[in-house]
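Asker: The following comprises the amino acid sequence and a computationally predicted model.
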Amino acid sequence: MKTVLVHGYAGETRMSVFRPPLDKTAGFYGFGNAVERQEAVAFPWGVDKNLSFFQAINPFSYLNIYRAEEKLAMSEQTQQRLYQFLLDEHATTVIGHSLGCRLLYETAKQIGLPSTVTRVIWVQAGIDADLSLDGVFPELINFWCSWDPTLLSSAFFLHIRLRAGLTPIKGATNVFTPLWRLPNLHTSSQKDSLLLKFVC
């Protein structure tokens, strides 16, 4: 069995002194040992950029990166890269976080997934909650929590639509996972070793 980890927003971006790019676990820190044993591997994607200190304290920098990564998630080139990566790694489970769930959905919808993939897991998915899932995934598990401040901001200010990571959704096995790890609640479930239970 092989698990592929698909990070969300700004995973490849260095935010000056505030945060380096994500490590080899792509922010899924509970998979550290699995990555070391080569039972899990992260798929790199997103805007590869080094923000200066002044860029890193400017909220418009983050909005620009988000918009650019939305386009990447929708691009056929990125989707083809992910498909080939899953194929090469003989992936059986794919776990996406936040905007990475959008990339997973669009890839499965437009291209499909390799036949080895039997389960997809969304963690705090930054994607419309009412999108049709009919025939898109072999099995989908949706980790959600209604008090995710990042997804609430996305729902009310960017998309004006409810995000799948905030609510149970139709066509998935929904797992409520309370967010409690500070300082970034949005990544709390992503760091949780509870995810390993759904892979083994």
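Answerer: Arrived safely.
Asker: Tell me where the model's unsure across this structure.
Answerer: Scanning the chain for pLDDT under 70 picks out the ranges 200.
Asker: redo that, cut-off 90
Answerer: For the chain, the stretches with pLDDT under 90 are 1, 10-22, 49-51, 53-57, 59, 62, 182, 192-200.
Asker: ranges for the helices of it?
Answerer: 32-36, 53-56, 59-74, 76-89, 99-110, 149-153, 194-197 (DSSP state H).
Asker: Of those helices, which stretch is the most buried?
Answerer: helix 99-110 (a mean of 24; mean count of other C-beta atoms under 10 Å). All C-beta atoms are positioned from the backbone trio N, CA, C, and that covers glycine.
Asker: Could you dump the helices of the chain into CSV and include distance to Phe176?
Answerer: As requested, the helices of the chain are arranged in CSV below (distance: least, C-beta to C-beta, whole Å):
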stretch, distance to Phe176
helix 32-36, 24
helix 53-56, 33
helix 59-74, 26
helix 76-89, 28
helix 99-110, 17
helix 149-153, 14
helix 194-197, 11
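Asker: Look at the spatially closest residue to His159 that is not a sequence neighbour and say how many residues are nearby.
Answerer: Of all residues not flanking His159 in the chain, Asp128 sits nearest, at 7.1 Å (C-beta to C-beta, 6 or more residues apart in numbering). Using other C-beta atoms under 10 Å, Asp128 has 16 other residues around it.
Asker: now the strands for the chain?
Answerer: Applying DSSP state E to the chain gives strands spanning 3-6, 13-15, 40-43, 49-51, 93-97, 119-123, 140-144, 173-176.
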